[in-house]
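In: Give me a 3D structure for the following:
(2 chains)
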2 protein chains.
Amino acid sequence: MEETTRLAGLIQERIDDTLAAHRGELQPLGADIAPLLDEAADYLAGGKRLRARFAVLGYRAVRPLDVFGEPSGELGVVLDAACALELFHAAALIHDDVIDRSDTRRGRPSAHRHFASLHDDAGWRGSAEHFGLAGAILLGDLLQSWADELMQRACDRAAAAAGRAAREHFNRMRSEVAAGQYLDVFEEQQPEFAPEQQQLERSTLVLVYKSAKYSVEAPLLIGAALAGADEEQEGALSEFGLPVGVAFQLRDDLLGVFGDSDLTGKPASDDLLEGKRTVLVTLSRTSLPDTQRRLFDEMLGDPTLEAEQIEMMQRTIRDSGAVRRVEDMIARNIDRAEASLDFAPLDVGAKERLIDLARRSTRRVA
Amino acid sequence: MEETTRLAGLIQERIDDTLAAHRGELQPLGADIAPLLDEAADYLAGGKRLRARFAVLGYRAVRPLDVFGEPSGELGVVLDAACALELFHAAALIHDDVIDRSDTRRGRPSAHRHFASLHDDAGWRGSAEHFGLAGAILLGDLLQSWADELMQRACDRAAAAAGRAAREHFNRMRSEVAAGQYLDVFEEQQPEFAPEQQQLERSTLVLVYKSAKYSVEAPLLIGAALAGADEEQEGALSEFGLPVGVAFQLRDDLLGVFGDSDLTGKPASDDLLEGKRTVLVTLSRTSLPDTQRRLFDEMLGDPTLEAEQIEMMQRTIRDSGAVRRVEDMIARNIDRAEASLDFAPLDVGAKERLIDLARRSTRRVA
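Out: Numbers count the residues shown, from 1 in each chain, chains lettered A, B, ... in the order given. Below is the predicted model of the structure:
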């Protein structure tokens, strides 16, 4: 069996076990809470497990790990941490979809839409939409708690100093991603774009904290810390992880506008409807003549955009040269990440896997 | 200085220190996230610190604690846990107010209203209401993370077994309160009340998990566990804490219908507008003649109720005898809690304080 398949299976198994244990614990609350548990399970059946995989690789970069061994002991610790990241990510996405008014996720209705449908189908009283909101907020809260719990179990079973270090990375990650999300929303609300250079800096700040550190660097560092990484090893993984995370989010920005919804599980153009001031969007509009730019700015974030208008915006972004610039940035970041590994004090086999996963998670999809 | 004043000061200080540390950590994200930190501080300047106080008393019931000593070492551990509960509670209230559409909390606008006002006042683009929602969700998420962090710091510094036991109580508490909140919302959506006995059981289930265990029993157990409580001591604190928690929520049900908003920081009648199927409401409507009950059920949960209609409902509830029955239940629960301490293997001085706090937190306010 291939390692990737084995790991995917182990991660799914551990997620299932975790959710089953919580279902058992909550049995005294009766059958009416089943939809919460069911939606947690359905939600966590999907996803690319990117964060889990980076966490496992962070560990292996520092210390050998037999992924075909018994999923207890050392492997069990890594799996707990990896699954904690997946649970936390599900919690973050569920809340994020409420915030971004996204109706789909992973090719299914987003959690708030799912709970709203339950309400609609059952013909309950009150607002289905508001029930959807409540269900999504509470499910996100539950999953966030369960993520902590699992991460703590990993840290408790690791060597004391390793556990504490991993925990600190996890703590920082959580604060930074929530604050980064706030900044992202804040940017959308500003009446005007800032001047190009300033706006680029702002958009990059959001990209780094909301996504790049969170999606790649933090999982790598958590895995590495659990393996007992020294400062130099953590530094090397940051040097590698941050540009990969930047490339990952830049690819996501492209998908958010042009997206192949089959691949992303989200409709293309979501970012345009929501008015996200991504690096891609910021680069696009600066090269436009004044009148065209004013029109572009007006359409950006208008939730009632029609298909034709969306196509026009997509064409504008492509014609501006911004897509090419962003593709170049992705390539440069991946190159930089790869080069950073050359003399890094990390396991050679793990380096190859890191480069492979970095390429896969940032490659062109169309 | 009185002990209560000393403790209140120490708790506020530790909360301030915690928030200041996070503000420092998040500095790289720039000044635009200040509203998140400011609102956290403002929000946490209020509240009765009920959960913090029960946690401290849980500790003292098992092990002496010098609250006039240096707020490090043992006292520091208890303070961390107590503040973690206050942060978690703030997070829960912030999300709860979104879910319950409550516009005020602790005599101030609720967090989502606060963020919406920021948007309004600044004249940003997009929906102020939606920005309010986003801000409240993210601030709740942040505070939940910080609560977890602080609780873990307490657990790490306690004796190993004590820390693990406290952590387990904290984990269970978080799962149960979120699932209990879901049940609460679920009940409001049901087209019909269940038959009396069944509805009472359902309303009691919500009361126990959403509030009674969460507000009193869990904080006591967390404090006691950190002090190294044995099984018998934890059992005794549960025997005491659960009826106090029940009484506390029954008082809250009365306040949710009859005010007094000066004392609660929330408008009277919020529960009627939201359609909460509390024990009080369930008891009220069963004694009504059919036509009156149908009218009552129709009005319950109608957000457009006028002052006169609210007064009519309040009168109906009072005339039904339900208020008296609920007052009796409160008294009986407090009696039971007090009696449970008679032979409990807990510190005598702490028992007195426990009884005092139980009475204060459940007494008639008007």
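
In: I'd like to know how far residue A:221 sits from residue B:335.
Out: Residue A:221 is 55 Å from residue B:335, where distance means Cβ to Cβ, to the nearest Å. In this view, the C-beta of every residue, glycine as well, is placed from N, C-alpha and C.

In: next one: residue A:29
Out: As judged by Cβ to Cβ, residue A:29 and residue B:335 stand 28 Å apart.

In: So the two - more neighbours on which side?
Out: Higher neighbour count among residue A:29 and residue B:335: residue A:29, with 21 against 12, using other Cβ atoms under 10 Å in any protein chain shown.

In: Verify the contact between that one and residue B:205 for me.
Out: Yes - the criterion here is Cβ atoms under 8 Å, and residue A:29 meets it with residue B:205 at 6.7 Å.

In: shared neighbours of these two, which are they?
Out: Residues touching both residue A:29 and residue B:205 by Cβ atoms under 8 Å, 6 or more residues apart in numbering or on different chains: B:180, B:183.

In: Point out where chain A drops to low pLDDT.
Out: Where chain A drops to pLDDT under 70, the residues are A:1, A:260-268, A:365-366.

In: Relative to residue A:357, how far out is the residue nearest the centre of it?
Out: Centroid-nearest residue in chain A: residue A:215, 5.2 Å away (criterion: Cα atoms, centre = their mean). Separation of residue A:215 from residue A:357 (Cβ to Cβ): 12 Å.

In: shared neighbours of the two, anything?
Out: In contact with both residue A:215 and residue A:357: A:50, A:54, using Cβ under 8 Å, 6+ apart.

In: Tell me which residues are up against the strand or helix carrying residue A:9.
Out: Using DSSP states H and E, residue A:9 sits within helix A:3-25. If you take Cβ under 8 Å, 6+ apart as the criterion, helix A:3-25 is touched by A:37, A:40-41, A:44-45, A:49, A:52-53, A:56, A:67-68, A:71, A:75, A:79-80, A:82-83, A:86-87, A:142, A:146, A:150, B:172, B:175.

In: Could you do stretch A:171-182 as well?
Out: Stretch A:171-182 has contacts (Cβ under 8 Å, 6+ apart) with A:88, A:92, A:96, A:99, A:205-206, A:208-211, A:213-214, A:218, A:222, B:22, B:25-26, B:29, B:33, B:36, B:134-135, B:138, B:141-142, B:145-146, B:149.

In: which residue ranges form the helices in the stretch 1-150 of chain A?
Out: All helices of the stretch 1-150 of chain A, identified by DSSP state H, counting those that start in this stretch, fall at A:3-25, A:34-44, A:50-62, A:73-99, A:111-122, A:128-157.

In: now those as a markdown table including mean neighbour count and distance to residue B:237?
Out: Listed next are the helices of the stretch 1-150 of chain A as a markdown table, based on neighbours: other Cβ atoms under 10 Å in any protein chain shown; distance: least, Cβ to Cβ, whole Å:
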| stretch | mean neighbour count | distance to residue B:237 |
| --- | --- | --- |
| helix A:3-25 | 16 | 20 |
| helix A:34-44 | 18 | 29 |
| helix A:50-62 | 27 | 38 |
| helix A:73-99 | 24 | 30 |
| helix A:111-122 | 20 | 36 |
| helix A:128-157 | 24 | 22 |
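
In: I'd like the ones you listed laid out as JSON lines, including distance to residue B:113.
Out: Below are these laid out as JSON lines (distance: least, Cβ to Cβ, whole Å):
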{"stretch": "helix A:3-25", "distance to residue B:113": "33"}
{"stretch": "helix A:34-44", "distance to residue B:113": "27"}
{"stretch": "helix A:50-62", "distance to residue B:113": "34"}
{"stretch": "helix A:73-99", "distance to residue B:113": "17"}
{"stretch": "helix A:111-122", "distance to residue B:113": "20"}
{"stretch": "helix A:128-157", "distance to residue B:113": "16"}
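
In: and residue B:234, which of those helices is closest to it?
Out: Residue B:234 sits nearest to helix A:3-25 of all these, at 17.4 Å, using Cβ to Cβ.

In: the inter-axis angle of that closest one versus helix A:128-157?
Out: Here helix A:3-25 runs at an angle of 110 degrees relative to helix A:128-157 (axes from the mean of the first three to the mean of the last three Cα atoms, to 10 degrees).

In: Export only the CA atoms of helix A:3-25, formatted as CSV.
Out: The C-alpha trace of helix A:3-25 is given here as CSV (Å, rounded to 0.1, in the frame of the first residue of the first chain):
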residue,chain,number,x,y,z
GLU,A,3,2.1,5.6,2.2
THR,A,4,-0.3,8.4,1.2
THR,A,5,-3.2,6.0,1.1
ARG,A,6,-2.3,4.4,4.4
LEU,A,7,-2.1,7.8,6.0
ALA,A,8,-5.4,9.0,4.5
GLY,A,9,-7.0,5.8,5.9
LEU,A,10,-5.5,6.3,9.4
ILE,A,11,-6.6,9.9,9.6
GLN,A,12,-10.1,9.1,8.5
GLU,A,13,-10.2,6.3,11.1
ARG,A,14,-9.0,8.6,13.9
ILE,A,15,-11.5,11.3,13.0
ASP,A,16,-14.3,8.7,13.0
ASP,A,17,-13.2,7.3,16.4
THR,A,18,-13.1,10.8,17.8
LEU,A,19,-16.6,11.7,16.6
ALA,A,20,-17.9,8.3,17.8
ALA,A,21,-16.5,8.9,21.3
HIS,A,22,-18.1,12.3,21.4
ARG,A,23,-21.4,10.9,20.2
GLY,A,24,-21.2,8.4,23.1
GLU,A,25,-20.4,11.1,25.7
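
In: what's the distance between that helix and the middle of its chain?
Out: Relative to its parent chain, helix A:3-25 has a centroid offset of 19 Å by Cα atoms, centre = their mean, to the nearest Å.

In: in chain A, what residue sits furthest out from the centroid?
Out: Residue farthest from the centre of chain A, counting by Cα atoms, centre = their mean, is residue A:291 at 35.9 Å.

In: quick one: that one from residue A:110, how far?
Out: Counting by Cβ to Cβ, the gap from residue A:291 to residue A:110 is 37 Å.

In: Isn't residue A:147 up against residue A:81?
Out: No - the pair residue A:147 / residue A:81 is not scored as a contact, 10.1 Å apart, by Cβ under 8 Å.

In: Please, where are all the helices along the stretch 201-350 of chain A?
Out: A:218-226, A:231-258, A:261-264, A:270-274, A:279-286, A:290-299, A:307-319, A:322-340, A:348-362.

In: just how off-centre is the second one within its chain?
Out: Same thing as helix A:231-258. Using Cα atoms, centre = their mean, the offset of helix A:231-258 from its chain centre is 11 Å.

In: do the same with the first one
Out: For helix A:218-226, the gap between its own C-alpha mean and the chain's C-alpha mean amounts to 16 Å (Cα atoms, centre = their mean).

In: Over to the fifth one?
Out: Using Cα atoms, centre = their mean, we find the averaged C-alpha position of helix A:279-286 to lie 22 Å away from the chain's own average C-alpha position.

In: repeat for the fourth one
Out: Using Cα atoms, centre = their mean, we find the averaged C-alpha position of helix A:270-274 to lie 17 Å away from the chain's own average C-alpha position.
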